[in-house]
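S.K.: sharing a model that was predicted from the sequence below.
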Amino acid sequence: MNTPRTGTAATIGLCLAIALLEGLDLQSAGVAAPRIAKEFSLSVAQMGWAFSAGAIGLLPGAALGGRLADRLGRKRVLMLSVALFGVFSLATTLVWDFQSLLLARLLTGLGLGAAMPNLIALCSEAAASHQRSTAVGAMYCGMPFGAALAAAIGIVSPADASWRHIFYVGGFGPLLMLPLLALCLYESAQFVRAKADSARNANGTPGFVEALWRNGRAQTTLALWISYLGTLIVLYFLMNWLPSMVLSNGLTRAQSGIAMMVFNIGAGIGAVGIANVMDRFGQRLTVIVMYAGIAAALAGLAAATGSTLMFCGAFFCGLFLVGGQSALYALAGQAYPTQVRGTGVGAAVAIGRLGSILGPLVAGQLFALGQSPSMLVGASIPLIIIAALAALMVVGSFSSHVEPGAALADGHNA
């Protein structure tokens, strides 16, 4: 018998497993990059495009996956997304040139992007109102732990091993999860009720513009987008350039690998910890402390010289930046009513993915002009302040309707 408690645990556990596979796949391209470049004689610029292809696919995938979630259901779209990124992760092992590699990574990114809004909606709607942030954070911690797993696979792989094995893991893993999702994952009860109410009242799913910009949601949507964009520009800049920053401070390649591992460990802890703090102590206080922590961690990392200080800075950057991202995902899940939650979350995730493209790109251009990684880390603090103010606007848009620490009542702003 499926009780509400066991049903919630099963939903969060299955979504966590999918998030872990997502994190593994997103990191796998970076792990396999040197061997891919060698086999196909690719330049640094071509490998940059190969990385970007996956990131570019995430953006329309998130918007489309969220929109379809409100029309077809969270479970169905999640299963389609998982099948898509599993199949095309396997297809990556069959590429024969640069163009086929780009296509495989683009379509893999499309599936990965479509999955995340559904994971957020399912966890947010499965949990009790006072545990929604924690549920989303528990799911999202799978992303950095999956990335750490991909890094570990790369470390233990023999030097002469094929680069394809990591994509076999990233492909067969999602496909093996599909039967479990079909049998054990329940569709969101909130979504089912909202769909039934719409059918009784002869109301269709609200349009994209209505979902995001009408019925008092315009300010929330705009503020949410700004907070996502600013936070993810800094997060992905750091994820891509932290190894270079460690090396530029005179440390070794092994130490740069340790810094990335420490960053991901902090990220996993922060994803659950900060979301749990939000449920316990309220959204406004959590957002203030979270962004103050990000600014302090960035300042510490920029000023760090020795390995110990670098590792500490990397840990706290992962803790607060990725933990902050999980809190923003939780806010997005609470900021929209059930009938448009997928659309709202998907649009915000898509905007965030734009930041994941812009961050490394802008940083790379500035590095080419002679700017140092440490200087850019310090210069990103004003962007974090803007993101913090926007996140506080999101909290303010519904804080007067809920008690501190409570989730937004479903249907608010409907």
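M.R.: Cool, the structure landed.

S.K.: wait, what's in contact with F320?
M.R.: When contacts are counted by C-beta atoms under 8 Å, 6 or more residues apart in numbering, F320 is found next to G270, I274, M290, Y291, G293, I294, A297. C-beta coordinates here come from the backbone N, C-alpha and C atoms, glycine included.

S.K.: residues of stretch 10-25 that come out buried?
M.R.: Neighbour counts over stretch 10-25 (16 or more other C-beta atoms under 10 Å) mark 10-12, 14-25 as buried.

S.K.: now, among these, which is nearest to Q371?
M.R.: When those are ranked by distance to Q371 (C-beta to C-beta), G23 comes first, at 29.4 Å.

S.K.: and that closest one, what element?
M.R.: G23 belongs to helix 4-40 when elements are defined using DSSP states H and E.

S.K.: looking at the strand or helix carrying P382 now, give me its mean pLDDT.
M.R.: Secondary structure assignment for P382, by DSSP H and E: helix 381-398. Averaging pLDDT along helix 381-398 yields 90.

S.K.: which elements pack onto it?
M.R.: Based on contacts counted as 3 or more C-beta pairs under 8 Å, 6 or more residues apart in numbering; DSSP states H and E, the elements that helix 381-398 packs against are helix 218-248, helix 283-303, helix 307-335.

S.K.: now do 6 Å
M.R.: Applying 3 or more C-beta pairs under 6 Å, 6 or more residues apart in numbering; DSSP states H and E, one finds that helix 381-398 contacts helix 218-248, helix 283-303.

S.K.: flag the shaky bits of the stretch 251-400 of the chain, pLDDT-wise.
M.R.: Applying pLDDT under 70 to the stretch 251-400 of the chain picks out residues 364, 367-370, 373, 398-400.

S.K.: quick one on the thing from earlier: how about the CA coordinates for the helix holding P382, as PDB?
M.R.: Taking C-alpha atoms only, helix 381-398 is exported to PDB below (Å, rounded to 0.1, in the frame of the first residue of the first chain):
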ATOM      1  CA  ILE A 381      30.400  40.000  -6.300                       C
ATOM      2  CA  PRO A 382      28.300  43.000  -7.500                       C
ATOM      3  CA  LEU A 383      26.400  40.600  -9.800                       C
ATOM      4  CA  ILE A 384      25.700  38.400  -6.700                       C
ATOM      5  CA  ILE A 385      24.300  41.500  -4.900                       C
ATOM      6  CA  ILE A 386      21.900  42.200  -7.800                       C
ATOM      7  CA  ALA A 387      20.800  38.500  -7.800                       C
ATOM      8  CA  ALA A 388      20.200  38.700  -4.000                       C
ATOM      9  CA  LEU A 389      18.000  41.800  -4.300                       C
ATOM     10  CA  ALA A 390      16.000  40.100  -7.000                       C
ATOM     11  CA  ALA A 391      15.600  36.900  -4.900                       C
ATOM     12  CA  LEU A 392      14.300  39.100  -2.000                       C
ATOM     13  CA  MET A 393      11.800  40.600  -4.400                       C
ATOM     14  CA  VAL A 394      10.500  37.100  -5.200                       C
ATOM     15  CA  VAL A 395      10.200  36.300  -1.400                       C
ATOM     16  CA  GLY A 396       8.500  39.700  -0.900                       C
ATOM     17  CA  SER A 397       5.900  39.000  -3.600                       C
ATOM     18  CA  PHE A 398       4.300  36.300  -1.500                       C
END
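
S.K.: next, the angle from it to helix 307-335.
M.R.: 30 degrees (axes from the mean of the first three to the mean of the last three C-alpha atoms, to 10 degrees).

S.K.: can you list the residues that contact helix 381-398?
M.R.: Contacts with helix 381-398, where a contact means C-beta atoms under 6 Å, 6 or more residues apart in numbering, come from 219-220, 223-224, 226-227, 230-231, 234, 283-284, 287, 291, 294-295, 298, 331, 408, 412.
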